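K.L.:
Got a predicted structure here, sequence first:
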Amino acid sequence: MKEFLEGSLAVAEIVKRCKPGVISAYPITPQTHIVEELANFVAEGELAAQVVNVESEHSAASVVLGASATGVRAYTATSSQGLFYMQEVVFNIAGMRLPVVMTCANRAVSAPINIWNDQQDSVSLRDSGWIQLFAEDLQETVDLHLMAFRIAEDKSMMVPVMVCMDGFSLTHGIETVDIPAQEQVDKFLPSYKPLYKLDVENPMTLGPLVDPEYYMEARYALQQTLNSALDLIPKVAGEFAKIVGRKYNGLVEGYHLEDAEKVIVAMGAVCGTVKEAIDEFRAKGKKIGLLKIVSYRPFPAQQIYDLLKDVSKVAVLDRALSLGSYAPLAAEVKAAFFGKKKQPQVISSFIVGLGGRDITKGSIREMLRLLTTKELNCEFIDLKPELVKEQYE
Amino acid sequence: MFGPLTSKPGTSKRNKTGSWRIESKPKFLQKNCIACKMCILVCPEACITGEQKNTYICDYSYCKGCSNCAVICPKQDIEMIPEDSKE
Amino acid sequence: MSKHLFTSGHTACSGCGQSMAARLVIDTAGPNTIVANNTGCLEVFSTKYPESSWEVPFVHSLFENCAAVASGVEAALKYLGTKDKINVIAQAGDGGTADIGLQALSGMLERGHDILYVCYDNEAYMNTGVQRSGLTPFDTSTSTTPVGIKSTGNVRPKKLMPEIANAHAIAYVATASVAFPMDIQRKVKKAISLKGAKYIQIHVPCPLGWRYEPRLTVEVAKLAVETGLYPLFEYENGILVAKRQIKPRPVEEYLKVQGRFKHLLNNQEELKKIQAIADANIMKYGLKQEAAAAS
């Protein structure tokens, strides 16, 4: 049924239908509306979950860890500093192979403190062992959440999934969305049957001390599992299409790639703006396309290669930095072509929209203007030169 | 695929820590024992067993020789003897 | 019954007080118990993969989060409808409890989860090599509070952790000691019989970190109680309901058997300060046996 909903409420609606047994979170802008709405559902008896209102994100992540280890579907949501405060638990959940699902309402990180949107938070945790899926709009946000539980709990997977939605533009934006009906959700996502759990009938020790004899194999196994998600995610998306009707690839999405001479690579809500800009270029006969990365982890290098190998110029749009080095997404897109037969003539890297700086169609046009045969690295778009010049005296 | 890493219950019993003992081991004299169980209660290795008076024994394959059983025994019915004695 | 829920073959040091207490706690709680454990000696010496000393479901996550992990376990059991049949124990050392884990513990206590939290207090970070913690006593020599020309050891007295727990208005708070194993059993039994959050702090001497002969673990623990330096008491719903009364012995008797206090023995000034701590405990909790009862 189609509804006109705020993004956070749409997420709460789909999470409710996924029937988590334990929800734990700590308030942080712009994640709050999601958890508030879930608390409402529980208060009204619409959702039979235990809500644990913790004293920090570190504990929120630890509570869902404990709940998941006890064999119960568990959900949390956070953002920015909250995700960073969770960080060691985030790595721990993945290493313990617990299929927790988290929403990250993407927000800039401090300092300077800034509550607005970029993607530095989840991008910084790319090495944590979580699958990271980035949504473009509310419909995709809703659908990715449903797929996230299914992917996480797949017997071959047992890894956590982070659904990343841009703060404010998606969390507080209002759009028409179709929330899958409960019957569809139940059909697509059966109740969670853990492979291992804390159980007094069958006691086992979880989270043991592992010495050099075994550690590397455990990490290797996690790496292999994440890589194998490149096969699983499109499969799950296929089953989602069968039951819910909407089609996704789950890893990447192309927009006017067929004949594109210049392609923008981007993740998240900015893809909407990029598509609008492309429509305008196309109307003028300019062959511009978009490659949207949905799955940042695992990184779909082969798919990127296949889709961009014949493109002449590629602009990678990053909304995060790896300070002192290449932009994170750009570095990996480039790596996808290293040593391969074909590659674009140029792959330039652009930094846009940090800390909530608006990304307009003008920003996109400027990027494309700069996308020439001269390769650019970490080219900041929409900088204010007068501020950059300012100095401490 | 390897992992998640879980261990089965009580499997540390494979690890025979009795080899840690250097100097002495407890000898349960079984003469004046009143079955107060204090030795069982304090044994850090959980390796003392016994129910009735004068039936208490210790599993040397785990005993690390800490002597707390001998110290706590109210009847001095546990004696620390040299590790290499035949008893 | 000789079957223990914490089994032989763990790799704790000989005479380890924590391994005595951990076994007493889990044997008393029984098989229908799930344990969440912080990083620390206990976790390291009892769960080295692929072995485990635990006969009950056991989870270790991080150094500071066992109270929150246990909260998640408890919430999950409530969701599953099995909480009434299963005990949840969160346990940690003194550093994991009073320092790095204090926030998670405070959250767990304040939210009133039906969990027994056990702090095994060996008064320093033993697992990393005897660095001082918030529960290290005044004037203790540790690897980060060494004794020197300008130092008599740790500069602050122990944090009043049981009082902090009690300030959360929870069902039960108690201190215990491996010197009194049956008292530990009684307190654990009582704690798990009560609904809500419970906190027990057990004094567990560490031969290595305290520098005494392993055979003296129980004796050293007893002296801590009998000098008034480790008062044993129980709070129920915030009210002091019981304490172990003593015929106070001078603190030197406790200090002189441990290498960590050796530097104090000829230092009357410092000894006076430590005696004052014991005297204050005795006064505060009413530990002194009445003359009639003492005879």
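P.N.:
Looks like it arrived, so ask away. Only a predicted model underlies this, so the values are computations on that prediction, with no experimental measurement involved.
K.L.:
Burial check on the residue of chain A found nearest chain B, number of neighbours?
P.N.:
Closest contact between chain A and chain B, by C-beta to the nearest C-beta, is at A:Arg97 (3.6 Å). The C-beta positions use only the backbone N, C-alpha and C, and glycine is treated the same way. Burial of A:Arg97 is recorded as 25 neighbouring residues (other C-beta atoms under 10 Å in any protein chain shown).
K.L.:
Next one: it relative to C:Ala90, how far apart?
P.N.:
22 Å (C-beta to C-beta, to the nearest Å).
K.L.:
now do A:Val15
P.N.:
Separation of A:Val15 from C:Ala90 (C-beta to C-beta): 27 Å.
K.L.:
These two: which is more packed in?
P.N.:
Per other C-beta under 10 Å, whichever of A:Val15 and C:Ala90 has more neighbours is C:Ala90, with 34 against 28.
K.L.:
confidence score at the nearest residue to the more buried one once chain neighbours are set aside?
P.N.:
With sequence-adjacent residues excluded and distances taken as C-beta to C-beta, 6 or more residues apart in numbering or on different chains, C:Ala90 is closest to C:Ala70, at 3.6 Å. pLDDT for C:Ala70: 98.
K.L.:
which stretches of chain B form strands?
P.N.:
Per DSSP state E, chain B carries strands over the ranges B:6-7, B:24-28, B:48-49, B:57-58, B:78-82.
K.L.:
what does chain C give?
P.N.:
Going by DSSP E, chain C shows strands at C:33-37, C:58-60, C:87-93, C:116-121, C:147-148, C:151-152, C:172-177, C:198-203, C:233-236, C:239-243.
K.L.:
would you turn those strands into JSON lines with mean pLDDT?
P.N.:
Shown next, in JSON lines, are these (pLDDT from 0 to 100):
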{"stretch": "strand C:33-37", "mean pLDDT": "98"}
{"stretch": "strand C:58-60", "mean pLDDT": "98"}
{"stretch": "strand C:87-93", "mean pLDDT": "98"}
{"stretch": "strand C:116-121", "mean pLDDT": "98"}
{"stretch": "strand C:147-148", "mean pLDDT": "98"}
{"stretch": "strand C:151-152", "mean pLDDT": "97"}
{"stretch": "strand C:172-177", "mean pLDDT": "98"}
{"stretch": "strand C:198-203", "mean pLDDT": "98"}
{"stretch": "strand C:233-236", "mean pLDDT": "98"}
{"stretch": "strand C:239-243", "mean pLDDT": "98"}
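K.L.:
With respect to A:Gly289, which of the ones you listed lies nearest?
P.N.:
A:Gly289 lies closest to strand C:58-60 among the strands of chain C, at 48.3 Å (C-beta to C-beta).
K.L.:
Sheet-wise, list the partners of that closest one with their directions.
P.N.:
As defined by DSSP bridges, the strand partners of strand C:58-60 come to strand A:205-206 (parallel), strand C:33-37 (parallel).
K.L.:
would JSON lines of those with mean neighbour count be doable?
P.N.:
Output for the strands paired with strand C:58-60, formatted as JSON lines (neighbours: other C-beta atoms under 10 Å in any protein chain shown):
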{"stretch": "strand A:205-206", "mean neighbour count": "29"}
{"stretch": "strand C:33-37", "mean neighbour count": "29"}
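K.L.:
which bits of chain B sit near chain C?
P.N.:
B:5, B:7-17, B:20, B:38, B:40-47, B:49-51, B:59, B:62, B:64-68, B:70-72, B:80 (C-beta under 8 Å from any C-beta of the partner chain).
K.L.:
cutoff 7 Å now
P.N.:
Residues of chain B lying close to chain C by C-beta under 7 Å from any C-beta of the partner chain are B:5, B:7-15, B:17, B:20, B:41-42, B:44-47, B:49, B:59, B:62, B:64-68, B:71-72.
K.L.:
Of those residues, keep whichever come out buried.
P.N.:
B:5, B:7, B:9-13, B:15, B:17, B:41-42, B:44-47, B:49, B:59, B:62, B:64-68, B:71-72 (16 or more other C-beta atoms under 10 Å in any protein chain shown).
K.L.:
among these, which are within reach of chain A?
P.N.:
B:5, B:7, B:9.
K.L.:
follow-up on the earlier one: give me the nearest residue to the residue of chain A closest to chain B, chain neighbours excluded.
P.N.:
B:Pro4 (3.6 Å).
K.L.:
For that neighbour, which residues are in contact?
P.N.:
Residues in contact with B:Pro4 (C-beta atoms under 7 Å, 6 or more residues apart in numbering or on different chains) are A:96-97, A:158, A:196.
K.L.:
Leaving out the residues flanking it, which one is nearest to A:Val90?
P.N.:
The shortest distance from A:Val90 to any non-neighbouring residue, by C-beta to C-beta, 6+ apart, is to A:Ser128 (4.9 Å).
K.L.:
In the stretch 101-250 of chain C, which residue sits closest to chain A?
P.N.:
C:Gly107 (3.5 Å).
K.L.:
Oops, could you answer that again for chain B instead?
P.N.:
For chain B, C-beta to the nearest C-beta, closest residue to chain A: B:Pro4, 3.6 Å.
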